[in-house]
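**Q** Turn this into a model:
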Amino acid sequence: PDDMAAAVLKEAVNRAGIKAEQVQDVTMGCAIPEQEQGMNVARVAAIDAGMPDTVSASTINRFCSSGLEAMAIIGAKIEAGMLDVGIGGGTESMSMVGMPGANVSPNPKLAVERPDVYIAMGNAGDNVARDFKISREELDEFALGSNQKAVAAIDAGKFKDEIVALELPEGGERLVFDTDEGPRRDTSIEGLSGLRPAFAASPKLGFHTAGNSSQTSDGAAAVLLMSEKAAKDNGVKPIAK
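**A** Numbering: from 1, shown residues only. Down below sits the predicted model:
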């Protein structure tokens, strides 16, 4: 996770055309900040990305919205005048650090009185489907369309500009990894409808399956944010405002 994060931090700086020492703060989200993702993984990644010790970094956890929260924090600091250049993003290696963590230890009182505090996202999704009367068929149809659109976008090269290729050791050679593995080309409505609910205690109560839920995956992302003055001073053309 720190290697993935370092790659996107470094590339965000390179694409902006600024120097690493101009970055004043890095905030990265991480849903399970422990083991390989522990010990302030944002700081570890920033150093690994070649940033000087003067660049501070912090890791924050808001579970599935951790990366978005990190960007919001950097944006708010810029708006408050605390800094002019910062990076927000996130990193997660779900294959390396099992969800929901290595040594789960819920608060005994809340485990009895408010067990919903610890509800898994899959169960929460089932509750949402039930509350808003979204059928299993609708979920499967949406999942099929989502996979089809993603595969078509990959084939058209639409994600090339926002993906950083990673070189991975593979035996004695180097494997270049540059395409998202998430979308499933062979997805069909027949295959989706035949899957059992993955989270509910009873199949009759469940809506979400391994086919219409987000997959277990590894990845990292980063976006460089600037004040308007910093962008003008550095001759940077913003892609969003």
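
**Q** buried stuff in the top helix by length along the chain?
**A** When the chain is parsed with DSSP state H, its longest helix is helix 136-155. Across helix 136-155, burial judged by 16 or more other C-beta atoms under 10 Å covers Arg136, Leu139, Asp140, Ala143, Leu144, Ser146, Asn147, Ala150, Val151, Ile154. Just so you know, the C-beta spots here come from the backbone N, C-alpha and C atoms, and that holds for glycine as well.

**Q** ok, the residue nearest to the first one when sequence neighbours are not counted to Gln24 distance?
**A** Using C-beta to C-beta, 6 or more residues apart in numbering and skipping the chain neighbours, the partner closest in space to Arg136 is Phe207 (5.1 Å). In this structure, Phe207 lies at 45 Å from Gln24, with C-beta to C-beta, to the nearest Å as the measure.

**Q** So for those two, which sits in the more crowded spot?
**A** Between Phe207 and Gln24, Phe207 has the larger neighbour count (other C-beta atoms under 10 Å), namely 24 against 18.

**Q** hang on, that one in a strand?
**A** No - with DSSP: H, G, I helix; E, B strand; the rest coil as the criterion, Phe207 is coil rather than part of a strand.

**Q** Confirm for me that it is in contact with Asn123.
**A** No - Phe207 is beyond contact range of Asn123, at 10.3 Å (criterion: C-beta atoms under 8 Å).

**Q** Identify each buried residue in the worst-scoring helix or strand of the chain on mean pLDDT, please.
**A** Least confident element among the helices and strands of the chain, by mean pLDDT, DSSP states H and E: strand 166-170 (a mean of 83). Neighbour-count burial for strand 166-170, with 16+ other C-beta under 10 Å as criterion, is recorded at Leu166.

**Q** For Met4, give its distance to Leu224.
**A** From Met4 to Leu224 the distance is 17 Å (C-beta to C-beta).

**Q** higher neighbour count, these two?
**A** Leu224 (23 against 18).

**Q** For that one, which residues count as its bridge partners?
**A** Ile87 (DSSP bridges).

**Q** wait, what's in contact with it?
**A** By C-beta atoms under 8 Å, 6 or more residues apart in numbering, the contact list for Leu224 reads Ala12, Val13, Arg15, Ala16, Ile18, Val23, Val85, Gly86, Ile87.

**Q** Among the residues you listed, which are located in helices?
**A** Using DSSP H, those in helices are Ala12, Val13, Arg15, Ala16.

**Q** ok, which pair from the residues you listed is furthest apart?
**A** Spatial extent of the ones in helices among the contacts of Leu224 (C-beta to C-beta) is set by the pair Val13 and Arg15 at 7.5 Å.

**Q** which residues in the protein form helices?
**A** Going by DSSP H, the chain shows helices at 2-16, 41-48, 66-79, 108-113, 121-131, 136-155, 189-193, 228-233.

**Q** Of all these, which one comes closest to Gly98?
**A** helix 121-131 (14.5 Å).

**Q** what does the average pLDDT come to for the closest one?
**A** Helix 121-131 carries an average pLDDT of 94.

**Q** Would you mind listing the buried residues in that helix?
**A** So, applying 16+ other C-beta under 10 Å, buried residues of helix 121-131: Met121, Gly122, Asn123, Gly125, Asp126, Ala129.

**Q** Which member of these is positioned nearest Met94?
**A** The closest of those, once distances to Met94 are taken by C-beta to C-beta, is Met121, at 12.0 Å.

**Q** OK, contacts around that closest one?
**A** So Met121 contacts Phe63, Cys64 (C-beta under 8 Å, 6+ apart).

**Q** do that again at 7 Å, thanks
**A** Cys64 (C-beta atoms under 7 Å, 6 or more residues apart in numbering).
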